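Peer 1: Kindly generate the corresponding structure for this input.
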Amino acid sequence: MPLPTALFDEMLDHARTLPGAEYDVKWGGTRVVSIGGKMFLVCGEAGISYKVDDGDFLALSGLPGMRPAPYLARARWVQVVSLEALAPDDIRRGIERSRELVLGKLPKAQRQAWS
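Peer 2: This next block holds a predicted model:
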C-alpha cells in the first residue's frame, strides 16, 4: 500500500513548522526541508526519507514498508514507502529527530540560533 498523497503534505507541513526549517524544491520536483542549508527531510515520488541515529539505521531500514534511502543510505537515511510498520506519529517523531541530528552537525552559532 503506497503512501497517501495527503501524508506527504502533512509531513512537509509539520517539518516546515520546526525552528529554522527551510523549504525547497530540488531535482525536478522533490520537496526538501532543510536547516542551515542541510537537508533533514526529502519527499519524493518513492517515499518520505529522513536521517536516523546510526544505531537505529539497520533495524528501521529492515522494517516492512521501510528501506535504506537511495543515495543517502550511507549517511544513515531511511525511506518510508508504506505505513506497514510506522504510524504517522512515528514518522513525525522521526522527522523531528532527523532535524536534531542534522542540527547537531551545524556550526555552534547556527545550533544555538535554532535549538
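Peer 1: Contacts only, for the nearest residue to residue 61 once chain neighbours are set aside.
Peer 2: Of all residues not flanking residue 61 in the chain, residue 68 sits nearest, at 4.6 Å (C-beta to C-beta, 6 or more residues apart in numbering). (C-beta placed from N, C-alpha, C; glycine too.) The contact partners of residue 68, taken as C-beta atoms under 8 Å, 6 or more residues apart in numbering, are 57, 61, 77-79.
Peer 1: now swap in residue 70 and tell me
Peer 2: Residue 70 touches 46, 79, counting by C-beta under 8 Å, 6+ apart.
Peer 1: so it sits in a strand?
Peer 2: No - counting by DSSP: H, G, I helix; E, B strand; the rest coil, residue 70 is not part of a strand but coil.
Peer 1: any idea how far residue 43 is from the residue nearest the centre of the chain?
Peer 2: Centrality entry for the chain: nearest residue to the mean C-alpha point is residue 50, 2.4 Å, by C-alpha atoms, centre = their mean. Counting by C-beta to C-beta, to the nearest Å, the separation of residue 50 from residue 43 is 10 Å.
Peer 1: how about the strands in the protein?
Peer 2: With strands called from DSSP state E, the chain shows them at 21-26, 30-35, 38-44, 47-51, 66-68, 77-80.
Peer 1: Where does pLDDT dip in the protein?
Peer 2: For the chain, the stretches flagged by pLDDT under 70 are 1, 115.
Peer 1: remind me, longest helix of it?
Peer 2: Secondary structure of the chain per DSSP state H: the longest helix is helix 88-103.
Peer 1: Many thanks, we can stop here.
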